[in-house]
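Chemist: generate a structure from the sequence data that follows.
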Amino acid sequence: MDSKLTLSGLKDLTEAAVKRVAVGNPATVPAGRYAQEALTRADLWDKLSPRFVLAETVRQVLDYVKRGEVDAGFVYASDVVVAEGQVKVAQTVTGHAPIVFPMAVATAAASKDLARDYLAFVMSPAGQEIFQRFGFSRP
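Modeler: Coordinates of the predicted model:
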């Protein structure tokens, strides 16, 4: 968090002071695909691509940012929670498909009642509060 850059939006990444931007490899990292989609819609993907440092996981992106090896990086909100105090959020990026983690009870589950109870808890206000505390939000 020693960066002196004041980034507040995607277009700020085009400033000359921004030399390296970490992005998950869109071919293999879902967070990289979301970043690519958002940057493409903002007409910035091609402009920024020479500055990209491609990572093989979103946690690798986070590590690059934490160590100051890049000027910015694209990670999930839940990753920022994990790195509390070590990184700062410049912007919550939109312009990509919704990030959805579906849940269901498997038809062949050995403990369907327990699975249904867990699903009910996750969807309850108490369960949602826990998810929000760890950087997740409801669609």
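
Chemist: lowest-pLDDT helix or strand in this protein?
Modeler: Taking mean pLDDT, DSSP states H and E as the measure, helix 77-82 is the helix or strand of the chain with the lowest mean score, a mean of 82.

Chemist: got the CA positions of that one in PDB?
Modeler: Once non-C-alpha atoms are left out, helix 77-82 reads as follows in PDB (Å, rounded to 0.1, in the frame of the first residue of the first chain):
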ATOM      1  CA  ALA A  77     -13.500  -8.300  -3.600                       C
ATOM      2  CA  SER A  78     -13.000 -11.400  -1.500                       C
ATOM      3  CA  ASP A  79      -9.300 -11.300  -2.300                       C
ATOM      4  CA  VAL A  80      -9.100  -7.800  -1.000                       C
ATOM      5  CA  VAL A  81     -10.600  -8.900   2.300                       C
ATOM      6  CA  VAL A  82      -7.900 -11.600   2.600                       C
END
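
Chemist: what about the spatially closest residue to F74 that is not a sequence neighbour, helix or strand, and which?
Modeler: Ranked by C-beta to C-beta, 6 or more residues apart in numbering and with sequence neighbours excluded, the top spatial neighbour of F74 is A35, at 3.9 Å. (C-beta placed from N, C-alpha, C; glycine too.) Taking DSSP states H and E as the criterion, the element that holds A35 is helix 30-41.

Chemist: enumerate the positions of that helix that are buried.
Modeler: Along helix 30-41, these residues count as buried under the neighbour rule (16 or more other C-beta atoms under 10 Å): A31, G32, R33, Y34, A35, Q36, E37, A38, L39.

Chemist: who are the neighbours in contact with the most centrally placed residue in the chain?
Modeler: Here the mean C-alpha position of the chain is nearest to the C-alpha of Y76 (C-alpha atoms, centre = their mean), at a distance of 1.8 Å. Taking C-beta atoms under 8 Å, 6 or more residues apart in numbering as the contact definition, Y76 lies against A31, V58, I99, G135.
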